[in-house]
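Enquirer: Below: sequence and its predicted model.
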Amino acid sequence: MKKPSRLSHVRNIGVAAHVDAGKTTLTERILFYTGASYKIGEVHDGAAHMDYMAEEQQHGITITAAVTKAPWREHLLQLIDTPGHVDFSIEVERAMRVLDGCVLVLDGVRGVEPQTETVWRQRSHFKLPALFFVNKMDRPGADFRRSLDAIRERLQAEPVPITVPFPEEACVVHLIDRTRIRFHGDQGDQVVIDPCPPELWERCADLRESLALTAAEVDEALADIVLAGEEPDAPSLRAAIRKGTLAGALFPCLGGSALRNLGVQPVLDAVVDFLPAPLDRPPSLARTPDGSEEAVVMGAEGSLAALAFKVQLWDGRRHVFARIYRGALKPGDSLAFLGGDGKVRSEHLARIFDVDAGKKTKLDEALAGQIVLLAGLRFASTGDTLCAPGHLLSLERIVTHAPVLGLAIEPAAGTEEDKLIEVLGKVQQEDPTLLVEEDPETGQRLLRGMGELHLQIVIERLAREFGVSVRTGRPAVAMRETICQAASADALFAPPPTPDPRQPDLMARAVVTVRPLARGEGEQIEVRPRVLPEGSALSPGQVLAIEQAIGGALMSGPRSGSQLQDLRVEVVEVELFGQGSPPDALAAATAKALRKAIDAAQPALMQPIMRLEVVVPEFSLGAVLGDLQARRALIQDTSAQGDLAVIAAEAALERLLGYTTDLRSLTQGRGQFSMTLDRFDLC
């Protein structure tokens, strides 16, 4: 594939949405219409080019973010097709971290769904310009205008309609150009553009007026034309919409049906016209080892800066996906990076690959703006910044999510214990939302993840890729602990005297106060104590030791050994005893006082509370509501979408285990649901 000579002709974009909205179906059409693929692979046939994993083909969903490239109008589109299921949201998070823009796909019937909101929050965190594609407009009950209203109401965003779909006419109307676009041929690859017929234009003229008024709000010159009652020309409208899109003030919206090959080519045009090139994005801020900030400007000038955003086992070997922000990379280069533990590590790059979903091709060089696959890196992991030796810096790391569900696992064959431990270590490197630990009470090995499907996929991969079959126990929900009232405690750390007269006896005293915080506020730690004897002061090393002791103590609560959260810890007083109060002694006294204070503050267990959206046929609404109430779910809203009913609720995760099977039986297999973690709360 010919590479563009300028970064201005590159678009790094992701395709994201709620599960089953049609992301991969859209991506398959993009690859076909751009000539990057010679055929269209369908998800329902297990033949999608982007869903190359055996588990993806078997389950009919996207599990891992897949990278590919496609040419369009002398531009290079670097695409990442992301999963829609909430269990795999880390794939979306780290893809968003390295993209410049995204295409958000909506179901034309269901509009903005729960995972759409999650993806939107991830997009907002990185301030990515975006456009919407309202898909499945050929289905009964689909409504383009209702989807625009949902974007305004649920996402608080300003949608700008660009193409309006008319599935019954097998066309879309382009509001900027005032044209009708039809898609002929068996696969919709023959595009016919002609002036929009008057009777069709009347049905969407108000949307064209809305487009012009919204564009005028971000461009003063265009505002003068629109307010004067004149008709703005197409180039002026495109320029204004691009300006507003890059600023995050508005979001172009296009409609169609990817499965019916309707309206996909205009989406490609919109990606080129409205979404940013790498140079349109603001410089990335990086932190140097001395604590100062440095702006990393995209381009070939300067020392290497590349973000490792994903580790993947490929043909049984460790590979790292990276986005290059500055400089260039060649096979054989020496690299250095600051790990998550703050230690400096050195690596030697063996090979560089260009990636097309499940295929890789060797490259001689990788330049700024590219997303590539690196081989030979043994230690680099998700979030590390790869640099030239002697020019260390750290770009913003990727936030990972704590697992909420666990399975007890053991090898099916007792002789495979060591192999299982080795394989689990490899899988954890790939997926930061997986955690392997031992239950301190039972000694069982626990595999923790983001949900039942997440853990099921991991178990299937262990058997298929590594040949390790495992036995599993009942899912166990990850708990948290908190406190219910304020308390204070005083503790003296005074171990038995040392037999060596040259060593001072250790001694330190600390007074710690704890109080509960509102749900979701996390942990607050304040170390500004009164220091005795009067006139004494804590050294930086002593303060750091106290903070680390508090952090360690909060990792294990008194009720179940779970992490403590939603509380404030304040060290109000410490007493020093000369040389007998080194940092370790102060840390021990603080931890002892904190444990006593927590024990006195009515510690309580919390479990994950999930936000739930259930979509069922109307005839089964009563049975589904009754089942949810039996699970002690709090029903928040019910609404109708054609012959479907939508239930919004919240419930404890433990009571939702196995809900997929029960919902299918209640709805004759037609019901579906999605859930996202809302908070941890008291049982």
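Expert: Structure received. In this text, all values refer to a predicted model and were calculated from it rather than measured experimentally.
Enquirer: Identify the residues contacting Thr64.
Expert: The neighbourhood of Thr64, defined by C-beta atoms under 8 Å, 6 or more residues apart in numbering, consists of Met53, Glu56, Pro83, Phe88, Glu91, Gln312. Just so you know, the C-beta spots here come from the backbone N, C-alpha and C atoms, and that holds for glycine as well.
Enquirer: I meant to write Cys102 there.
Expert: With contacts taken as C-beta under 8 Å, 6+ apart, Cys102 has the following neighbours: Ile13, Gly14, Val15, Ala16, Met96, Arg123, Leu128, Pro129, Ala130.
Enquirer: Check the contact between Leu374 and Ala322; I expect there is one.
Expert: Yes - in this structure Leu374 lies within contact range of Ala322 using C-beta atoms under 8 Å: 5.6 Å.
Enquirer: list the residues that contact both of those two?
Expert: Here Leu374 and Ala322 have Ala308, Leu386 as joint contacts, going by C-beta under 8 Å, 6+ apart.
Enquirer: Buried residues in stretch 238-256, which are they?
Expert: Neighbour-count burial for stretch 238-256, counted by 16 or more other C-beta atoms under 10 Å, picks out 238-246, 249-256.
Enquirer: likewise stretch 673-683?
Expert: Phe673, Ser674, Met675, Leu677, Phe680, Asp681.
Enquirer: Where does the fourth one sit: helix, strand or coil?
Expert: For Leu677, the assignment made with DSSP: H, G, I helix; E, B strand; the rest coil gives strand.
Enquirer: All the helices of the stretch 351-500 of the chain, residue numbers only.
Expert: Counting by DSSP state H, counting those that start in this stretch, the stretch 351-500 of the chain has helices at residues 417-430, 452-466.
Enquirer: which residues are in contact with the first one?
Expert: It refers to helix 417-430. Judged by C-beta under 8 Å, 6+ apart, the contacts made with helix 417-430 from elsewhere in the structure are 310-313, 318, 381, 409-411, 434-436, 447, 458, 461-462, 466, 468, 470.
Enquirer: Using ChimeraX, define a selection of the buried residues within the residues you listed.
Expert: Buried residues within the contacts of helix 417-430, as defined by 16+ other C-beta under 10 Å, are selected in ChimeraX through the command that follows:
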select :310,311,312,313,318,381,409,411,434,435,436,447,458,461,462,466,468,470
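Enquirer: if I pick Arg317, what's in contact with it?
Expert: Taking C-beta under 8 Å, 6+ apart as the contact definition, Arg317 lies against Ala375.
Enquirer: same thing with the one 3 residues further on?
Expert: Taking C-beta under 8 Å, 6+ apart, we find Val320 in contact with Ala308, Lys310, Val311, Gln312, Leu373, Leu374, Ala375, Leu377, Ala380, Ser381.
Enquirer: in stretch 408-421, what counts as buried?
Expert: Burial within stretch 408-421, assessed by neighbour count using 16+ other C-beta under 10 Å, is assigned to Ala408, Ile409, Pro411, Glu416, Leu420.
Enquirer: For that stretch, measure first residue to last.
Expert: Start to finish, the residues bounding stretch 408-421 are 14 Å apart (C-alpha to C-alpha, to the nearest Å).
Enquirer: Run the chain-centre distance for that stretch.
Expert: Distance, stretch centre to chain centre, for stretch 408-421: 31 Å (C-alpha atoms, centre = their mean, to the nearest Å).
Enquirer: picking up where we left off before, and the buried residues of stretch 408-421, which is closest to Gly22?
Expert: Of all the buried residues of stretch 408-421, the one with the least separation from Gly22 (C-beta to C-beta) is Ile409, at 34.6 Å.
Enquirer: What is the least confident helix or strand in the chain?
Expert: Within the chain, judged by mean pLDDT, DSSP states H and E, the helix or strand with the poorest mean is helix 54-59; its value is a mean of 78.
Enquirer: other SSEs contacting it?
Expert: Judged by 3 or more C-beta pairs under 8 Å, 6 or more residues apart in numbering; DSSP states H and E, helix 54-59 is in contact with helix 452-466.
Enquirer: Mind listing residues that contact the helix it packs on?
Expert: Helix 452-466 is contacted by residues 54-55, 58-59, 63, 85, 87-88, 313, 316, 405, 407, 409, 419-420, 423-424, 426-427, 431, 433-434, 447, 449, 468-470, 472, 475, 657-658, 660 when judged by C-beta under 8 Å, 6+ apart.
Enquirer: So what pairs up with Val372 in the strands?
Expert: Ala322 (DSSP bridges).
Enquirer: Can you get me a residue count around it?
Expert: Val372: 22 surrounding residues under other C-beta atoms under 10 Å.
Enquirer: residue ranges of the helices in the stretch 51-200 of the chain, please?
Expert: In order along the chain, the stretch 51-200 of the chain carries the following helices (DSSP H, counting those that start in this stretch): 54-59, 89-98, 114-125, 144-155, 198-201.
Enquirer: would a markdown table of the buried residues of stretch 673-683 with pLDDT be doable?
Expert: Putting the buried residues of stretch 673-683 into a markdown table (pLDDT from 0 to 100) gives the following:
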| residue | pLDDT |
| --- | --- |
| Phe673 | 83 |
| Ser674 | 80 |
| Met675 | 82 |
| Leu677 | 84 |
| Phe680 | 90 |
| Asp681 | 92 |
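Enquirer: Nearest to Val218 among those?
Expert: Of all the buried residues of stretch 673-683, the one with the least separation from Val218 (C-beta to C-beta) is Ser674, at 34.2 Å.
Enquirer: May I have the phi/psi pair for the closest one?
Expert: When read as degrees, to the nearest 10, the backbone of Ser674 gives phi -140, psi 150.
Enquirer: Equivalent analysis for Asp224, please.
Expert: The phi and psi values for Asp224, taken as degrees, to the nearest 10, are phi -60, psi -40.
Enquirer: On the three-state scheme, Asp273 is what?
Expert: Following three-state DSSP, the label given to Asp273 is helix.
Enquirer: got a list of what Ile525 touches?
Expert: Ile525 makes contacts with Glu547, Ile550, Gly551, Arg568, Val569, Glu570, as judged by C-beta under 8 Å, 6+ apart.
Enquirer: which helices and strands sit right next to the host helix or strand of the fourth one?
Expert: In this structure, Arg568 sits in strand 567-576 according to DSSP states H and E. Where contact means 3+ C-beta pairs under 8 Å, 6+ apart, strand 567-576 is packed against strand 508-516, strand 523-532, helix 540-554, helix 583-599.
Enquirer: The first one vs helix 583-599, what angle?
Expert: Taking axes from the mean of the first three to the mean of the last three C-alpha atoms, to 10 degrees, one finds that strand 508-516 is oriented at 40 degrees with respect to helix 583-599.
Enquirer: Can you tell me the strand partners of strand 508-516 and which way each runs?
Expert: Each strand pairing with strand 508-516, determined using DSSP bridges, is listed with its direction: strand 487-493 (antiparallel), strand 567-576 (antiparallel).
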